[in-house]
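# build me a model from this:
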Amino acid sequence: MFQGLGDKLQNVFENLRGRGKLTEGDVKAALREVRIALLEADVNLLVAKDFVSRVQEKAIGSEVLMSLRPDERVVSIVHDELVETLGGKAQQPQLKEQNLWMLVGLQGSGKTTTAGKLAYKYKSQGRRPLLVAADTQRPAAREQLAIIAKQVGVPILEVEDNELPQTTVERINDYLKQDYRDLIIVDTAGRLQIDELLMDELDALHDLLAPDETMLVIDSMTGQQSLDVAQTFDARIGVSGLVMTKLDGDARGGAALSAKQVTGKPIYFGGISEKLDGLEPFYPDRVAGRILGMGDVMTLIEKAKAIEADEDAPARIDEFSLQDMLTQMQKLKQMGSFSDILKMIPGANKMLPPGADVDDKQIARIEAIISSMTEQERRRPRLLNASRRKRIAAGSGTSVQDVNRLMKNYEQMKKMMKKMMRGGKKRGGFPGMPPM
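Numbering: from 1, shown residues only. Got it, this is the predicted structure:
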């Protein structure tokens, strides 16, 4: 989502690098470009002006301009202010012995899917969620949540058409007496736009439920309009935190950048895919790092830790086979697209040619080629003579040239890994590092 803004900001600061000393004029000119980039990214006008003003106040001074690396100091100030704009310190919903969370938002914002993702996330942490489908107007919404509940493996309580809020609360209490649950997630009604009937219904249910958290789910693709919606919901019902969905989309990102400053509410989570595990805690410092091309190593490490280690991984690089290569690629795919992984590695974007991107379809072709080999061929690549390569190409729907290219890349990769492992041992690095 922040790709366009990130590219523009990185270009601005790239022009500052290598100049040696900076003048006030240099900094002001750069910040004018920053302001334009923010506005083009659909950042709220007042937020953009305030952001640039804060940076300029801190960046224009003898301590910064006369420092050894003034360009780095300016970038550091921009990073810190970007973190503050995004919300400062990361915040998450408070968990008690028993919790009741209420999700509100407009129809189509991703509210029902988010309810399922929250249940999935906290179930994996040992909680016992209960999903409540509390949309009294749309049976389809209740059916959708029922399907998600089955996928997650958690129970669901569905309201009836036109059910009164008091009845819903009584039914939840009756259910909990029979089956204790410590996290109740209530998916409420939504409309295509805000209307009095919707707000009255949500207000009545909110008063009776007295939820520990009231999370507003916002579609980040809708831009600044979503922030007006947030302010209305907060004024009528009271909102404790935000969930920004579709952060993996191609919107300009202005709503996410402006949300905390405009609403005063922290962003708890960001939706990064339609999958049940596609919900991440929102870390302002990590998002700022990605925008400025500094990477996001912590998220990368967490994703890697979430994937079980391969007990069959080769003990030595010499034993690294095509089967090992396939296994490692499949594990990396569990961490997300290769393009997203590269963005988390500091400086990786500068190693690629301008406009270049990782083609995940090419990765799928590689998988198809290796999968078309016999186990013996994967373990002993030197067996792959011309006739075997022709058979593999036909079986994988690719060409012999594709197979030859894979084998060449495999050999190059093996050589590179040997160098990395030798270098790691010499420097006291990571001798036990997995192949990929």
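
# ranges for the strands of the stretch 201-350 of the chain?
Using DSSP state E, counting those that start in this stretch, the strands found in the stretch 201-350 of the chain span residues 213-219, 241-245, 267-271, 279-281.

# mind giving me the packing neighbours of the longest one?
If contacts are counted by 3 or more C-beta pairs under 8 Å, 6 or more residues apart in numbering; DSSP states H and E, strand 213-219 sits against strand 99-104, helix 111-123, helix 225-236, strand 241-245. Using the backbone N, CA and C atoms, a C-beta is placed for each residue, glycine as well.

# what does the longest one contact?
Residues outside helix 111-123 that contact it (C-beta atoms under 8 Å, 6 or more residues apart in numbering): 101, 103-105, 129, 131, 141, 144-145, 148-149, 151-154, 183, 185-188, 190, 215, 217, 243, 245, 269, 271, 274, 276-279.

# just the buried ones from these?
Among these, those classed as buried by 16 or more other C-beta atoms under 10 Å are 101, 103-105, 129, 131, 141, 144-145, 148-149, 152, 154, 183, 185-188, 190, 215, 217, 243, 245, 269, 271, 276, 278-279.

# am I right that residue 146 falls within a helix?
Yes - secondary structure of residue 146 (DSSP: H, G, I helix; E, B strand; the rest coil): part of a helix.

# ok, it touching residue 155?
No - the criterion here is C-beta atoms under 8 Å, and residue 146 misses it with residue 155 at 10.2 Å.

# of the strands of the stretch 201-350 of the chain, which is nearest residue 201?
Of all the strands of the stretch 201-350 of the chain, strand 213-219 sits nearest to residue 201, with 14.3 Å by C-beta to C-beta.

# and the angle for that closest one with helix 225-236?
Per axes from the mean of the first three to the mean of the last three C-alpha atoms, to 10 degrees, the angle that strand 213-219 makes with helix 225-236 is 160 degrees.

# got a list of contacts for strand 213-219?
93-94, 99-106, 108-111, 114, 206, 226, 229-230, 233-234, 237-246, 255, 259, 265, 268.

# let's see the pLDDT reported for residue 272.
pLDDT, residue 272: 85.

# number of nearby residues for it?
Using other C-beta atoms under 10 Å, residue 272 has 19 other residues around it.

# next: residue 100.
Number of residues near residue 100 (other C-beta under 10 Å) recorded here: 21.

# what is the helix or strand containing residue 35 packed up against?
Here residue 35, judged by DSSP states H and E, is contained in helix 24-40. Judged by 3+ C-beta pairs under 8 Å, 6+ apart, helix 24-40 is in contact with helix 3-16, helix 45-59, helix 70-86.

# residue 243 contacts residue 266, doesn't it?
No - applying C-beta under 8 Å, one finds residue 243 not in contact with residue 266, separated by 10.6 Å.

# tell me what angle the helix holding residue 35 forms with helix 45-59.
Using the same axes, to 10 degrees, the inter-axis angle of helix 24-40 relative to helix 45-59 is 160 degrees.

# what residues sit buried inside helix 24-40?
Here helix 24-40 shows 26, 27, 30, 31, 34, 35, 37, 38 as buried, counting by 16+ other C-beta under 10 Å.

# how much space between residue 85 and residue 267?
Shown here: residue 85 relative to residue 267, a distance of 11 Å by C-beta to C-beta, to the nearest Å.

# try residue 24
Separation of residue 24 from residue 267 (C-beta to C-beta): 34 Å.

# also residue 127?
Using C-beta to C-beta, residue 127 is found at 21 Å from residue 267.

# now swap in residue 204 and tell me
27 Å.
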